[in-house]
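Asker: got a structure for you, letters missing:
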């Protein structure tokens, strides 16, 4: 039997207390380009993952280890998981 | 009357034909850490935007200009818009 393949997205964002100079520069550039109304703009990462796992629980467990140990810097970043089955979680 | 505030996310990803060495290095590191089954891993950007606009159509139009002119490099990147009202689009 083939091992199921899961599609997931890990969203990594700067913690709210951490400044985002690149995002702020982009927000200012939007105003200069005449794009009005941008009140807040923060740049994070979206990591698209295809993962083989025997079941959704195993897929989630592997993705959590990936987020905690490789994708996010816990000192300045939060991350959130979107698994294709529609569930979400994060820390 | 206050101007409505919209929450949106712009997802910027490398075009499928463009190599992603950072993503590939992360995939290899996952295997070394004992995280099995990662078949594909691509690193993109997730830009969280708060935007004032008179109506959803105007919000979408501003976000499209933002994506086209500031957030993505059309030579190597695609982008997709997720507006809080649940609609999606991209190019």
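Answerer: Everything's here; your move. Just so it is clear, the structure is predicted and the values come from calculations on it, not from any experiment.
Asker: quick check: residues of chain A near chain B?
Answerer: Those residues of chain A that sit near chain B, judged by CB under 8 Å from any CB of the partner chain, are A:3, A:5, A:11-13, A:23, A:26, A:29-30, A:33, A:35-53, A:59, A:62, A:65-66, A:69-71. Placement of C-beta: from N, CA and C, glycine included.
Asker: show the buried residues in those.
Answerer: Buried by 16 or more other CB atoms under 10 Å in any protein chain shown: A:11-13, A:23, A:26, A:30, A:35, A:37-38, A:41-53, A:59, A:62, A:66, A:70-71, out of the residues of chain A next to chain B.
Asker: residue A:29 contacts residue B:65, doesn't it?
Answerer: No: in this structure residue A:29 lies outside contact range of residue B:65 using CB atoms under 8 Å: 11.7 Å.
Asker: list the contacts of stretch A:3-13.
Answerer: Stretch A:3-13 is contacted from outside by A:42, A:44-56, A:59, A:63, A:66-67, A:71-72, A:77-85, A:90, B:37, B:39, B:46, B:48, using CB atoms under 8 Å, 6 or more residues apart in numbering or on different chains.
Asker: now, those residues that are in helices?
Answerer: Using DSSP state H, the subset of the contacts of stretch A:3-13 located in helices is A:56, A:59, A:63, A:66.
Asker: looking at those, which is nearest residue B:19?
Answerer: Closest approach to residue B:19 among the ones in helices among the contacts of stretch A:3-13 (CB to CB): residue A:66, at 20.7 Å.
Asker: surely the closest one is in contact with residue B:35?
Answerer: Yes: using CB under 8 Å, residue A:66 is in contact with residue B:35, at 5.6 Å.
Asker: how far is the strand or helix carrying residue A:61 from where the chain is centred?
Answerer: Assigned by DSSP states H and E, residue A:61 belongs to helix A:56-66. Here the centre of mass of C-alpha atoms in helix A:56-66, compared against the chain's by CA atoms, centre = their mean, to the nearest Å, lies 15 Å away.
Asker: with stretch A:39-57 instead?
Answerer: 5 Å.
Asker: also stretch A:13-30?
Answerer: 16 Å.
Asker: just stretch A:76-84 next, same as before
Answerer: The chain centre lies 4 Å from the centre of stretch A:76-84; the measure is CA atoms, centre = their mean.
Asker: now it: average pLDDT?
Answerer: Stretch A:76-84 carries an average pLDDT of 94.
Asker: next, the buried residues of it.
Answerer: Buried residues in stretch A:76-84, counted by 16+ other CB under 10 Å: A:77-83.
Asker: now stretch A:8-23
Answerer: By neighbour count on 16+ other CB under 10 Å, the buried set for stretch A:8-23 is A:8-14, A:20, A:23.
Asker: quick one: end-to-end distance for it.
Answerer: 25 Å (CA to CA, to the nearest Å).
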